[in-house]
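Asker: task: produce atomic coordinates for the following.
(2 chains)
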There are 2 protein chains.
Amino acid sequence: MAEQALIIDGKAAAASLRAEIGLEVAAIKARRGLVPGLHVVLVGDDPASRVYVASKEKLAAEIGMSSVAHRLPAETSEAELLAKLAELNADDSVDGILVQLPLPKHIDTGRVIDAIDPAKDVDGLHPINAGRLAGGKPGLVPCTPLGSMLLVKSVLPSLSGLEAVVVGRSELVGRPVAQLLLQADCTVTIAHSRTRDLAATCRRADILIAAVGRPGLVKGDWIKPGATVIDVGINRLPDGKLTGDVDFAEAVKVAGAITPVPGGVGPMTIACLLRNTLTAFHARRG
Amino acid sequence: MAEQALIIDGKAAAASLRAEIGLEVAAIKARRGLVPGLHVVLVGDDPASRVYVASKEKLAAEIGMSSVAHRLPAETSEAELLAKLAELNADDSVDGILVQLPLPKHIDTGRVIDAIDPAKDVDGLHPINAGRLAGGKPGLVPCTPLGSMLLVKSVLPSLSGLEAVVVGRSELVGRPVAQLLLQADCTVTIAHSRTRDLAATCRRADILIAAVGRPGLVKGDWIKPGATVIDVGINRLPDGKLTGDVDFAEAVKVAGAITPVPGGVGPMTIACLLRNTLTAFHARRG
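Answerer: I've put the predicted structure just below:
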């Protein structure tokens, strides 16, 4: 058989989401003279973090959002960072605050995240937002899970009653995406490194979300024919190439729809950050 | 075959947990002259709520804990209730605050729960505590899920890698117990009313938690032979008798261990409330 899965174009989906947000930003500007503002705080000079922050700034600017990067030196103390956050919390023109992770080792990440106003926590990492999500209540949802769900919904008209399997239980992706699938009325299984028969568990999935960070872990024969496969893994191989948690070449022959890496979930993450900034703007400024 | 499941004696487990807490309360009193204090707020005169509150008072008193019930009239305004909570939040002798639910309709339950100091939230319902649980961090955990887990652990030496299925996705039981099972390294599935084949899903479970409130929903042939079955349902039948979500007569012939209703999870819930009060005491007063 020459059949092949639909390849979900995350880059195109993200561009279209950004365009949609851009229209809304323009409308807000025209109607109310306000510009939603995203503030990114970067401590130190991790090269990957610098690239991410620059890319967030650029994409925010492209859709007409105000975007400010606060670049603090690596030796910034925890107290100084908390003071900066207190200032951004108090500033009414700041809609979204994102602290770029990882932070230098002398800073307690949990304490920093707890200090962000939950109403401006566009990364969705504050315990209040995690709790709202766990309780099925409205709040700000982490960007990668949100982007993954939008891609799932782009190919499945209804998720109700479908078997969803999430591989990986991280606070940033696995756990929140499981909550979103549950909200969408899926029967949700969370599998992980201790799962006895990971292959058989994955094979149950109508929707399979791989979020473990192990290149090519999910093989073609772990996939139920026709399943929707979302590959959240972004792993760098020794040759410098990026690859996902799913063996794409095998999986594309079995799945019904699948995201590539790169070009799948990745571009959706930043687009969802912009969307969260807009959501935070609306919730806070009405 | 005359084989029968081990019947997990929740009454005995709860009594032994309370005795253990009582010893710790006595030790705190002897060493530091302090008495952990549980405060229960009851608005109105719902007869079932009155019984629950009286039982909480009695059991707290039995183990030497200070226990105060604040009985407010049904016409108490939301502002008055919030003022009472502010007072209890500020009172250093108050370790645990529980607002008995349901509240009268003119009061917004979410707003009330949000107003409880998370460090004193012994019901574990504040979004901060739900978020900590969702993130796998320490916090106060709802009593019924906590009690259910203690019963599971009383019969299973290790939970790692076991298949757990939770039927029901309530904020109070299903979702938090799923989080606890995940923390214990189970592969966790959350099933619910939209699940396509509930029987087959349940049949996968090494640990089955039924928490839906539908009498006798789970049949004997939904149970994997030897499974541990925790029945969280407490349903009152027309004849006044209490029954669980599991068809006990059938299930007892298939399961490896099972909780009865009454006498299973129920007694553990109040014991875990006392345990949470002690946990809150330690976390707050060191």
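Asker: would you map the helices across the stretch 51-200 of chain A?
Answerer: Secondary structure of the stretch 51-200 of chain A (DSSP state H, counting those that start in this stretch): helices at A:78-90, A:109-114, A:127-134, A:143-155, A:174-183, A:198-203.
Asker: give the other helices and strands that the first one contacts.
Answerer: In terms of contacts (3 or more CB pairs under 8 Å, 6 or more residues apart in numbering or on different chains; DSSP states H and E), helix A:78-90 is packed against strand A:37-43, strand A:66-72, strand A:96-99, helix A:109-114. Backbone N, C-alpha and C define where each C-beta goes, glycine included.
Asker: mind listing residues that contact the third one?
Answerer: In other words, strand A:96-99. By CB atoms under 8 Å, 6 or more residues apart in numbering or on different chains, the residues outside strand A:96-99 that reach it are A:36-41, A:43, A:56, A:81, A:85, A:88-89, A:112-113, A:116-117, A:120-123, A:273, A:276-277, A:280-281.
Asker: what about the spatially closest residue to residue A:148 that is not a sequence neighbour, which helix or strand?
Answerer: Take residue A:148 and drop its neighbours on the chain: the residue closest to it by CB to CB, 6 or more residues apart in numbering or on different chains is residue A:230, 4.9 Å away. Assigning secondary structure by DSSP states H and E places residue A:230 in strand A:228-231.
Asker: list the buried residues for that strand?
Answerer: By 16 or more other CB atoms under 10 Å in any protein chain shown, the buried positions in strand A:228-231 come out as A:228, A:229, A:230, A:231.
Asker: got TSV for the residues you listed, with distance to residue B:198 and pLDDT too?
Answerer: Shown next, in TSV, are the buried residues of strand A:228-231 (distance: CB to CB, whole Å; pLDDT from 0 to 100):
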residue	distance to residue B:198	pLDDT
A:228	22	98
A:229	25	98
A:230	25	98
A:231	30	98
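Asker: nearest to residue A:286 among the residues you listed?
Answerer: Of all the buried residues of strand A:228-231, residue A:230 has the smallest distance to residue A:286: 34.1 Å, by CB to CB.
Asker: quick check: the closest one touching residue A:209?
Answerer: Yes. Taking CB atoms under 8 Å as the definition, residue A:230 is a contact partner of residue A:209 at 4.8 Å.
Asker: what touches both of those two?
Answerer: Here residue A:230 and residue A:209 have residue A:148 as joint contacts, going by CB under 8 Å, 6+ apart.
Asker: returning to that earlier point: show me which of the contacts of strand A:96-99 are buried.
Answerer: By neighbour count, with 16+ other CB under 10 Å, these hold A:36-41, A:43, A:56, A:81, A:85, A:88, A:112-113, A:116-117, A:120-123, A:273, A:276-277, A:280-281 as buried.
Asker: next up, the contacts around residue A:95.
Answerer: A:36, A:37, A:38, A:120, A:122, A:277, A:278, A:280, A:281, A:284, A:285.
Asker: from those residues, which land in strands?
Answerer: Among the contacts of residue A:95, DSSP state E puts A:37, A:38 in strands.
Asker: turn the contacts of residue A:95 into a markdown table, including pLDDT and distance to chain B.
Answerer: Listed next are the contacts of residue A:95 as a markdown table, based on pLDDT from 0 to 100; distance: CB to the nearest CB, whole Å:
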| residue | pLDDT | distance to chain B |
| --- | --- | --- |
| A:36 | 97 | 25 |
| A:37 | 97 | 25 |
| A:38 | 97 | 23 |
| A:120 | 98 | 16 |
| A:122 | 98 | 16 |
| A:277 | 98 | 21 |
| A:278 | 98 | 22 |
| A:280 | 98 | 17 |
| A:281 | 98 | 21 |
| A:284 | 94 | 17 |
| A:285 | 91 | 21 |
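Asker: let me know the average pLDDT across the helix or strand encompassing residue A:20.
Answerer: Residue A:20 is part of helix A:10-32, with elements assigned from DSSP H and E. Helix A:10-32 shows a mean pLDDT of 98.
Asker: what of stretch A:78-85?
Answerer: 98.
Asker: who's in contact with it?
Answerer: A:41, A:43, A:70, A:72, A:97, A:99, A:103, A:106-108, A:111-112, A:115-116.
Asker: same thing with stretch A:242-249?
Answerer: Here stretch A:242-249 makes contact (CB under 8 Å, 6+ apart) with A:167-168, A:210-220, A:229, A:231-237, A:258-262, A:264.
Asker: straight-line length of it, end to end?
Answerer: Stretch A:242-249 has an end-to-end distance of 14 Å (CA to CA, to the nearest Å).
Asker: distance from it to the middle of the chain?
Answerer: With CA atoms, centre = their mean, to the nearest Å as the basis, stretch A:242-249 stands 18 Å off its chain's centre.
Asker: and it, what's buried?
Answerer: Across stretch A:242-249, burial judged by 16+ other CB under 10 Å covers A:243, A:244, A:245, A:246, A:247, A:248.
Asker: okay, those in CSV with pLDDT and secondary structure next?
Answerer: Shown next, in CSV, are the buried residues of stretch A:242-249 (pLDDT from 0 to 100; DSSP: H, G, I helix; E, B strand; the rest coil):
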residue, pLDDT, secondary structure
A:243, 96, strand
A:244, 97, coil
A:245, 98, coil
A:246, 98, strand
A:247, 98, coil
A:248, 98, helix
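Asker: between the residues you listed, which is nearest chain B?
Answerer: Nearest to chain B among these is residue A:245, at 17.2 Å by CB to the nearest CB.
Asker: mind checking how far the closest residue in space to residue A:74 that isn't next to it in sequence is from residue A:89?
Answerer: In space, residue A:74 comes closest to residue A:44 once its chain neighbours are excluded; the distance is 3.6 Å by CB to CB, 6+ apart. Per CB to CB, to the nearest Å, residue A:44 is found 22 Å from residue A:89.
Asker: which residues does the closest residue to residue A:149 other than its chain neighbours contact?
Answerer: What sits nearest to residue A:149 in space, not counting adjacent residues and going by CB to CB, 6+ apart, is residue A:180, at 4.8 Å. Contacts for residue A:180 (CB under 8 Å, 6+ apart) come out as A:133, A:141, A:145, A:146, A:148, A:149.
Asker: contacting residues for the last one?
Answerer: So the one you mean is residue A:149. Contacts here follow CB under 8 Å, 6+ apart; on that basis residue A:149 touches A:177, A:180, A:181, A:184.
Asker: and chain A, which residues reach chain B?
Answerer: Within chain A, the positions near chain B by CB under 8 Å from any CB of the partner chain are A:110, A:126-137, A:160-161, A:163, A:169, A:171, A:175-176, A:178-179, A:182, A:185-192, A:194-196, A:201.
Asker: count the residues that sit near the residue nearest to residue A:74.
Answerer: Residues lying near residue A:44 (other CB atoms under 10 Å in any protein chain shown) number 17.
Asker: cool, and residue A:14?
Answerer: Neighbours of residue A:14 (other CB under 10 Å): 25.
Asker: re the thing from before, list only buried entries from the contacts of stretch A:242-249.
Answerer: Using 16+ other CB under 10 Å as the burial test, these include A:167-168, A:210-212, A:215-218, A:229, A:231-235, A:258-261, A:264 as buried.
Asker: show only the entries of these found in strands.
Answerer: Judged by DSSP E, strands contain the following of the buried ones among the contacts of stretch A:242-249: A:167, A:210, A:229, A:231, A:235, A:258.
Asker: and which of the residues you listed is nearest to residue A:62?
Answerer: The closest of those to residue A:62 turns out to be residue A:231 (CB to CB; 26.1 Å).
Asker: the closest one and chain B, how far apart?
Answerer: 20 Å (CB to the nearest CB, to the nearest Å).
Asker: ok, now residue A:8?
Answerer: Per CB to the nearest CB, residue A:8 is found 24 Å from chain B.
Asker: pull the contacting residues for that residue.
Answerer: Applying CB under 8 Å, 6+ apart to residue A:8 gives the contacts A:151, A:154, A:155, A:230, A:257, A:258, A:259, A:260, A:264.
Asker: nearest spatial neighbour of it, chain-adjacent residues omitted?
Answerer: Nearest residue to residue A:8 in three dimensions, chain neighbours excluded: residue A:259, at 4.7 Å (CB to CB, 6+ apart).
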